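Enquirer: Next input, structure requested:
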Amino acid sequence: MAVACIYKILNIKNGKFYIGSTNDFYRRRSQHKSDLQNNKHSNQYLQNAWNKYGQDSFTIKIIEKIKNIDEQLQKEQSWIDKTQCFNPDIGYNISPTVTNIIIADSTKEKLSKASSGVNNHFSKLTEIEVLQVLDLLNYGFNCMDISKMTDINYRTINDIKRGKTWSHLTGVQYFKSREKQRISEDTAIKIYKLLKQNFKHKEIAKIFDVPIHIVSDISRGNTWNSITSQV
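Expert: Model prediction:
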């Protein structure tokens with residue numbers, strides 16, 4: 001029986017944890033374990049910890065059951081806000097906000113038909129439906145994750161990601177790879193100073209009009225680690 005819930009992946013060795021939500025806990029737990037065991041989890045921070053401490057150091061448990069599925073994302077956001085699990089000293093969540101996309105069954109059906117060529121051509125998809133895929137990509141899900149979530153085939157999602165289709169929506173300004181995103185050293189220093197003042201990642205991202213992951217990478221020391229001596 002599917003269980004909708006908020007769950008926690010806890011590292012019992014250091015107390016750090018990841019907060020997530022799902023409409024099918026046992027399926028999602030199996031997916032997390034499979035991805036982590038095969039070293040292909042979309043959350044690299046969690047994957048690195050799993051590789052370092054080993055699977056016996058982690059538990060995956062329900063912390064709140066959800067009766068109304070429409071409240072799933074709001075409840076997940078509440079737990080993220082309450083626990084501050086996006087703080088690298090506390091948890092493994094990469095972003096301080098949850099994805100704002102819940103893909104309805106009707107959308108899944110349209111995407112699936114479009115990708116398989118049944119009764120639809122890709123052009124029949126609406127911009128909203130394609131933007132749902134783009135939002136999931138921008139949030140950090142990989143093409144295979146989205147394929148499982150939406151029933152759209154991997155190649156079609158990859159084409160959207162690369163701008164081979166729907167390029168008027170993807171654009172350079174909408175979706176960029178991390179390698180191509182650049183900020184100045186001055187901006188990086190200003191972001192680091194606000195982080196030291198305990199500003200939330202989301203607030204800083206809005207101030208400087210940058211993706212949240214840029215702020216998170218600076219916070220974790222993944223990028224611009226040389227600026228710490230200048231602040």
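
Enquirer: Quick one: low-confidence residue ranges for the chain.
Expert: Per-residue confidence for the chain (pLDDT under 70) gives these ranges: 99-129, 135, 137-141, 150-151, 169-182, 228-231.

Enquirer: again, only using 50
Expert: Per-residue confidence for the chain (pLDDT under 50) gives these ranges: 100-107, 110-111, 114-123, 171-180.

Enquirer: so where do the strands sit in it?
Expert: If you assign secondary structure with DSSP state E, the strands in the chain sit at 5-11, 17-22, 58-65.

Enquirer: Please name the strands paired to the last one in the sheet, noting orientation.
Expert: Strand pairing for strand 58-65, determined by DSSP bridges: strand 5-11 (antiparallel).

Enquirer: in terms of contact, does Ile218 touch Pro211 like I think?
Expert: No: shown here, Ile218 and Pro211 do not form a contact pair, counting by Cβ atoms under 8 Å, at 11.7 Å. Placement of C-beta: from N, CA and C, glycine included.

Enquirer: Looking at those two, which one has more neighbours?
Expert: Between Ile218 and Pro211, Ile218 has the larger neighbour count (other Cβ atoms under 10 Å), namely 25 against 15.

Enquirer: Next one: the more buried one relative to Phe58, how far apart?
Expert: Taking Cβ to Cβ, to the nearest Å as the measure, Ile218 falls 27 Å from Phe58.

Enquirer: got it, and Phe208?
Expert: The spacing between Phe208 and Phe58, counted by Cβ to Cβ, is 34 Å.
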